[in-house]
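*Asks:* Could you look at this predicted model? Sequence included:
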Amino acid sequence: MSYTTSYYHIVFRTYCSEHTIPFEHERELYAYIYGIAKNLRCQTYRIGGMPDHIHIFVSLPSDLSLASFVQQVKSSSSKWMKGNPNFPDFRGWGREYAGFSYSLRDKDKIVSYIMRQKEHHGATTFADEYRTFIEENGAPIDESYFLNDD
């Protein structure tokens, strides 16, 4: 038997960063995404966000890639949201996502960060948060694609 853990903090946004996730229905969306993750045999530690983006902190099984997980979450939740009257303006998810691995030691810090999204975004924009998140994790940013859904 092999023993592995893969913890990821994933961030993706709505199409063109539109504010299409109403605060009063966000928990419904998070519960749906939690169900997708559970069906994929993932352990979800926290989901949260704002009207224009979401954060997920999750542990993936060894046979599921990060790209496959994000694709399945975005595809399934997009179809569900487009058919749900509680998300009338939702047109889809943005093209890109950011996902970085962490250790179990980082769990409490990341869960707390996701829980404080509303407080955090009183002082910073999503674009600034996203850029900082990517840069702090050492990934290069291609400005021709950054937050561009065309």
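*Replies:* Yep, it's here.

*Asks:* Mind checking the pLDDT average for the lengthiest helix in the chain?
*Replies:* For the chain, the helix with the greatest residue count under DSSP state H is helix 66-82. In this model, helix 66-82 has an average pLDDT of 98.

*Asks:* Tell me which residues of that helix come out buried.
*Replies:* For helix 66-82, a neighbour-count test (16 or more other CB atoms under 10 Å) marks 66, 69-70, 73-74, 76-78, 80-81 as buried. From N, CA and C alone the C-beta is placed, and that goes for glycine too.

*Asks:* and if you look at stretch 21-31?
*Replies:* So, applying 16+ other CB under 10 Å, buried residues of stretch 21-31: 21, 26, 29-30.

*Asks:* about what we covered before: ok, so of the buried residues of helix 66-82, who is nearest K109?
*Replies:* The closest of those to K109 turns out to be L66 (CB to CB; 19.9 Å).

*Asks:* rewinding a little: which other helices and strands contact the longest helix of the chain?
*Replies:* Applying 3 or more CB pairs under 8 Å, 6 or more residues apart in numbering; DSSP states H and E, one finds that helix 66-82 contacts strand 7-13, helix 26-39.
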